[in-house]
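S.K.: Return a 3D structure for these sequence lines:
(2 chains)
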Amino acid sequence: MNVIHSTPLTDSVRARGLTKSFGGNKVLAGIDLTVPTGSLLALLGPNGSGKTTTVRILTTLLAPDGGTATVGGHDVTREGVAVRRMIGLTAQQATVDDLLTGRENLELFAGLYHLKGRRARRRAEELLERFDLAGAANRLVGTYSGGMRRRLDLAASMVSAPRILFLDEPTTGLDPRSRAELWSVIRELLASGTTILLTTQYLEEADQLADRVVVISGGRVVADDSPAALKRQVGTERLVLRLSATADAPRAAAALGTYAGVEERELTLALQGPDHLRRALDALHRAGVGVEHVELRTPTLDDVFFELTAAAA
Amino acid sequence: MSGVLTAAADLRRLVVRDLRREVRVLDGLIVNTALPVIIMVLFVYVFGGAITTGSSGLAYIDFVVPAVLLMSGGYGAALTAVNIAGDMTGGMIDRFRTLPIGGWVVPAGHVVASVLRNVAACGFALLAAVVLGFRPDASLADWGLVLALVAGYVLAMSSLAVLWGLLVKSTQAAGAFSFVVLFLPYLSDGVVPAETMPAVLRDFAYNQPVTPVVATLRSLLLDLPMGSSGVVAAVWLAGVVAVSAPIAAVLFRRRTAA
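M.R.: Here you go, the predicted model:
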């Protein structure tokens, strides 16, 4: 990462053993993660896995019960003000004002970052251009599409030109085109040297954007790896086989050796390369197991979790 | 010093935001302009003919104008609860918290904007009253005191509204406060003479803040003797602010604590 900062830091975000409970409910059970400066880390997990709680702790909005975290070299609990100066946050809930125009929102935030009149206006203008909102600048945000609103939210997070950006599920609920547009905006921010931590429920999104993926489940890290390694681990594609008879399932499972899952007479197998498909079908044929239906599909987050939690067990 | 100026500039930005929001929604505009006029017309023409003003011997329009001013300003002030609850339950508060501003400017911005809007609403109600035949007899100093008293009432109600808005978990629940504030003048000496009420209500009417505020406004606007009502009104309003503002501040800190 050839990004020049006044105080060079190898890691912009470091969290060690973060824990948090709400009531008696343990939401984080010891989260470790590291985001090297200038890279993008995807925090991947299902709803309720602790992604948002982790982001809120790292952005100083929530105090952890235990563990430590530094952002931009500053402790998130003891040096909150210094951390806030370095970061931008796009939370899951919209954090822009529906009853103001896009321009008014950005000028308000620029003003609250204490940019003076003309500089605040210029900054808002730059961001509207950069996030492709110039045409809608004078419309009330309430009339924006979901994608435009997310872009404005992202623009609002970039008002102070932060070095470290936190994006909590930036593309959830967006249509595929808006998602692709947002991805390209995120790639540009990354290319311009911003360190980014984003949370997502989509394996594909992590694969598209991330240098590294931390998978969390039930408040624990279950994997911390590059997207390529993670995909190798979970296989590129899933083979779903429906057997002719439920009674054949154990025999089929034995014939296939390692299998991803069996449910009634349906078997799901993580394919390790195209040759694996032929071998799997051959093995079933030799075992005399009848197959009624064969389907290939790309792995989903469920598959990743099944694989990772099964491996951990 | 520069810290104070920066905070004042932040406050101004949030007040402007609030006023902009107000003119963007039809409800807001109606509450601040048309509603005060409608209430005034309603009381003077619809109810006025049927209500006698008891021992005061005033024409009904003279009797009721102060109460209508307080209804006009109070209703909008109570809606401050909805504005603060909207910020707290939506994502806006997270955005504000990541900005380098003192947290208190967020509720303070709502309160200051509320005072500006709702004193203006009282102005509309007063204009309507004049059109309907109300003829105030007040010196410039009296007008200054009227303005201060109305602003003080709106401030007290806005401060209570912020407290309520921080207690509840939704904007719908926050809206309920406006009914309390809208009805407070009915249970005072402002709309009908309290002497005509049953004992329990009469005791309530004589011991709640609207009655002394109304009495003071009447004496200022109509050049009548004031008695102790001015002092009682000032103590009431200052007391409400002095109690509700610190509690609201604690609640706000708790709701935004890390």
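
S.K.: Isn't A:Ala29 up against A:Gly218?
M.R.: Yes: at 7.0 Å, A:Ala29 counts as touching A:Gly218 under the criterion of C-beta atoms under 8 Å. To be clear about C-beta, it is placed using only N, CA and C from the backbone, and glycine gets the same treatment.

S.K.: Next to chain B, which bits of the stretch 51-200 of chain A? Give me the list.
M.R.: Residues of the stretch 51-200 of chain A lying close to chain B by C-beta under 8 Å from any C-beta of the partner chain are A:59-63, A:77, A:80-81, A:84-85, A:87-89, A:91-97, A:99-100, A:104, A:108-109, A:111-114, A:140, A:156.

S.K.: Can you turn the buried part of the residues you listed into a ChimeraX selection?
M.R.: Here is the ChimeraX command that selects only those of these that count as buried (16 or more other C-beta atoms under 10 Å in any protein chain shown):
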select /A:59,60,61,62,77,80,84,85,87,88,89,91,92,94,95,96,97,99,100,104,108,109,111,112,113,140,156
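
S.K.: Let's see which of the residues of the stretch 51-200 of chain A next to chain B end up in helices.
M.R.: Residues of these located in helices (DSSP state H): A:Gly80, A:Val81, A:Arg84, A:Arg85, A:Glu104, A:Leu108, A:Phe109, A:Gly111, A:Leu112, A:Ala156.

S.K.: Could I have the CA atoms of the lengthiest helix in chain A written out in PDB?
M.R.: Longest helix in chain A, counting residues (DSSP H): helix A:176-191. The C-alpha trace of helix A:176-191 is given here as PDB (Å, rounded to 0.1, in the frame of the first residue of the first chain):
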ATOM      1  CA  PRO A 176     -28.300  -4.600  -8.500                       C
ATOM      2  CA  ARG A 177     -27.500  -1.500 -10.500                       C
ATOM      3  CA  SER A 178     -27.400   0.800  -7.500                       C
ATOM      4  CA  ARG A 179     -25.200  -1.800  -5.800                       C
ATOM      5  CA  ALA A 180     -22.800  -1.900  -8.700                       C
ATOM      6  CA  GLU A 181     -22.600   1.900  -8.700                       C
ATOM      7  CA  LEU A 182     -21.900   2.000  -5.000                       C
ATOM      8  CA  TRP A 183     -19.200  -0.600  -5.400                       C
ATOM      9  CA  SER A 184     -17.400   1.600  -8.000                       C
ATOM     10  CA  VAL A 185     -17.600   4.500  -5.600                       C
ATOM     11  CA  ILE A 186     -16.100   2.400  -2.800                       C
ATOM     12  CA  ARG A 187     -13.300   1.200  -5.200                       C
ATOM     13  CA  GLU A 188     -12.500   4.800  -6.000                       C
ATOM     14  CA  LEU A 189     -12.300   5.800  -2.400                       C
ATOM     15  CA  LEU A 190     -10.000   2.800  -1.800                       C
ATOM     16  CA  ALA A 191      -7.900   3.800  -4.700                       C
END
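
S.K.: can you pull the buried residues of that helix?
M.R.: Quick answer for helix A:176-191 (16+ other C-beta under 10 Å): A:Ser178, A:Arg179, A:Glu181, A:Leu182, A:Trp183, A:Val185, A:Ile186, A:Leu189, A:Leu190.

S.K.: now stretch B:183-194
M.R.: The neighbour-count criterion (16+ other C-beta under 10 Å) identifies B:Leu184, B:Pro185, B:Leu187, B:Ser188, B:Asp189, B:Gly190, B:Val191, B:Val192, B:Pro193, B:Ala194 as the buried residues of stretch B:183-194.

S.K.: How far off centre is it?
M.R.: Put simply, stretch B:183-194 sits 15 Å off its chain's centre (C-alpha atoms, centre = their mean, to the nearest Å).

S.K.: contacts for it?
M.R.: For stretch B:183-194, contacts defined as C-beta atoms under 8 Å, 6 or more residues apart in numbering or on different chains pick out B:43, B:47, B:51-56, B:63-64, B:66-68, B:70-71, B:74, B:201-202, B:204-206, B:208-211, B:214-215.

S.K.: Which of these fall within helices?
M.R.: Filtering the contacts of stretch B:183-194 for helices - DSSP H - leaves B:63-64, B:66-68, B:70-71, B:74, B:201-202, B:204-206, B:210-211, B:214-215.

S.K.: If we check chain A, which of those are in contact?
M.R.: Checking these against chain A (C-beta under 8 Å from any C-beta), there are no matches.

S.K.: Select only the buried ones of those residues in PyMOL?
M.R.: To isolate the buried ones among those in PyMOL, judged by 16+ other C-beta under 10 Å, type:
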select buried, chain B and resi 63+64+66+67+68+70+71+74+202+205+210+211+214+215
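
S.K.: which non-adjacent residue is nearest the closest residue to chain A within the stretch 1-150 of chain B?
M.R.: Per C-beta to the nearest C-beta, B:Gly91 is where the stretch 1-150 of chain B lies closest to chain A, at 3.3 Å. Spatially, and ignoring its direct neighbours in sequence, B:Gly91 is nearest to A:Gln93 (3.3 Å; C-beta to C-beta, 6 or more residues apart in numbering or on different chains).

S.K.: which ones are touching the one you found?
M.R.: B:Gly90, B:Gly91, B:Asp94.

S.K.: what number of residues lie near the second one?
M.R.: By the criterion of other C-beta atoms under 10 Å in any protein chain shown, B:Gly91 has 18 neighbours.

S.K.: ok now do it, which residues does it touch?
M.R.: A:Ala91, A:Gln92, A:Gln93, A:Ala94, A:Thr95.

S.K.: Can I get those in TSV including distance to B:Ala120?
M.R.: Shown next, in TSV, are the contacts of B:Gly91 (distance: C-beta to C-beta, whole Å):
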residue	distance to B:Ala120
A:Ala91	34
A:Gln92	37
A:Gln93	32
A:Ala94	30
A:Thr95	30
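
S.K.: Let me know the helix or strand that the residue nearest to B:Val31 when sequence neighbours are not counted is in.
M.R.: In this structure, B:Val31 finds its nearest non-sequential neighbour in B:Gly76, 5.0 Å apart by C-beta to C-beta, 6+ apart. Assessed by DSSP states H and E, B:Gly76 sits inside helix B:60-78.
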